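Enquirer: Here is a sequence with its predicted model. Questions after.
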Amino acid sequence: MNTFPATLRDVNKASKLPTCEFVDLSAAMAKQWIENGLNWRRANKFTVENYTAEITGKHWKLTCEPIKFDIHGRMRDGSHRCHALIEADKICPGVSIQVLVVRGVPEDALLFLDQGRRRRFSELLEGQGEKGSKEAAAACQRFWNWNKGYACGTKMSTRERPNFEHLSEIFQEHEDLIRKWSPKSKISPIWSGGLFVYLMIRFEMVGGADRADEFYHMLKLGTHPNGLGLESDHPVHILRERINKRKETKNKMLEYEKTILTIKAWNLVQKGIPACTQNFCCRQDEDPEVLLEETQSDLLTATLH
């Protein structure tokens, strides 16, 4: 008994199964495909800009995700790539990209385009056997965000989104530290996720492994490395108390506030200064990166002397 849908049987009988080929796509060809195509969604400006940047920066990869044409020869999927190539040609005249093209896609099959869930970078890391893959991927995203000037707690523009290549480069650059801190983020009572991993990596980059390990111990257990309890005016003690109190009242501390206070706690601990109202508060105009650089400068000065 034949279980194929009638539409597919008909196509098969007429020898009109979809065909595929690799094509060197030029801007002129892309323009023609758009003009003759049937696009059921408007081109997203930011997606086109991102693709354009990848093409002009020579980062475009052949993923074998096809540009699809229906049985009438109209392009039905791939307009963003075509628009991006046209824009890239204005910057780099004569540029072209290789694409896989599928022609003769049945109409009913086109109804199911873009129905799948996007792959996550954490899934790529998990497939490579990385422990704490979700936290590691989130930390890589943090590095990319902050390198682009998006402060923690600030809504990132959809104009720029890192692809897997960008995130992979960040992972390779900080591979050892990411592997060290990602598994530890799951056992921290007040921290979890990529923000914790990112901050601990930055602390270790600034102050070294011993200082970062001691700070982690205090964050996790609320005691000094020698086992003695933290003083009431100790920055980490106050930070833990604030976060836990906010949890109890179901008024969770905002990510930006938590980031600023954690960096300030780190700074004060490195300087050996107790926390007080004046030096342990969060202002909306404070830049986390500036605070981190302040500690780095102080520690470098102390080392030189």
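Expert: Received it, and whenever you're ready, just let me know what you need.
Enquirer: Give me the mean pLDDT for stretch 231-245.
Expert: The average pLDDT for stretch 231-245 rounds to 89.
Enquirer: For the chain, which residues score under the pLDDT cut-off?
Expert: Low-confidence segments of the chain, defined by pLDDT under 70: 1-15, 39-41, 114-117, 150-160, 187-192, 295-305.
Enquirer: okay, now the domains of it?
Expert: 16-107, 121-304 (automatic domain parsing).
Enquirer: Including mean neighbour count and distance to residue 113, could the ones you listed go into a markdown table?
Expert: Placement of C-beta: from N, CA and C, glycine included. Shown next, in a markdown table, are the domains of the chain (neighbours: other Cβ atoms under 10 Å; distance: least, Cβ to Cβ, whole Å):
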| stretch | mean neighbour count | distance to residue 113 |
| --- | --- | --- |
| domain 16-107 | 16 | 5 |
| domain 121-304 | 16 | 21 |
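Enquirer: and the gap between the spatially closest residue to residue 223 that is not a sequence neighbour and residue 102?
Expert: Of all residues not flanking residue 223 in the chain, residue 229 sits nearest, at 5.5 Å (Cβ to Cβ, 6 or more residues apart in numbering). With the distance defined as Cβ to Cβ, to the nearest Å, residue 229 ends up 66 Å from residue 102.
Enquirer: Same check on residue 46?
Expert: Residue 46 is 26 Å from residue 102, by Cβ to Cβ.
Enquirer: Over to residue 180?
Expert: Distance from residue 180 to residue 102, by Cβ to Cβ: 45 Å.
Enquirer: what's the answer for residue 273, then?
Expert: In terms of Cβ to Cβ, residue 273 sits 65 Å off from residue 102.
Enquirer: This structure: helices as residue ranges?
Expert: Applying DSSP state H to the chain gives helices spanning 6-13, 27-36, 45-56, 79-91, 107-110, 121-127, 133-147, 164-173, 175-181, 193-207, 209-221, 235-248, 255-271, 288-304.
Enquirer: So which of the ones you listed is nearest residue 281?
Expert: helix 255-271 (8.2 Å; Cβ to Cβ).
Enquirer: Export that closest one to CSV, keeping only CA atoms.
Expert: Output of helix 255-271 as CSV, limited to C-alpha atoms (Å, rounded to 0.1, in the frame of the first residue of the first chain):
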residue,chain,number,x,y,z
GLU,A,255,20.6,41.9,37.3
TYR,A,256,22.2,45.3,36.9
GLU,A,257,22.1,46.0,40.6
LYS,A,258,23.4,42.5,41.5
THR,A,259,26.3,43.0,39.0
ILE,A,260,27.3,46.5,40.3
LEU,A,261,27.2,45.4,44.0
THR,A,262,29.1,42.2,43.3
ILE,A,263,31.9,44.1,41.5
LYS,A,264,31.9,46.7,44.3
ALA,A,265,32.1,43.8,46.9
TRP,A,266,35.1,42.4,44.9
ASN,A,267,36.8,45.8,44.8
LEU,A,268,36.3,46.5,48.5
VAL,A,269,37.6,43.0,49.4
GLN,A,270,40.7,43.5,47.3
LYS,A,271,41.4,46.9,49.0
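Enquirer: Walk me through which strands the strand with the most length in the chain pairs with, and which way each runs.
Expert: The residue-count maximum for a strand in the chain (DSSP state E) belongs to strand 96-105. On the basis of DSSP bridges, the sheet neighbours of strand 96-105 come out as strand 19-26 (antiparallel), strand 67-70 (parallel).
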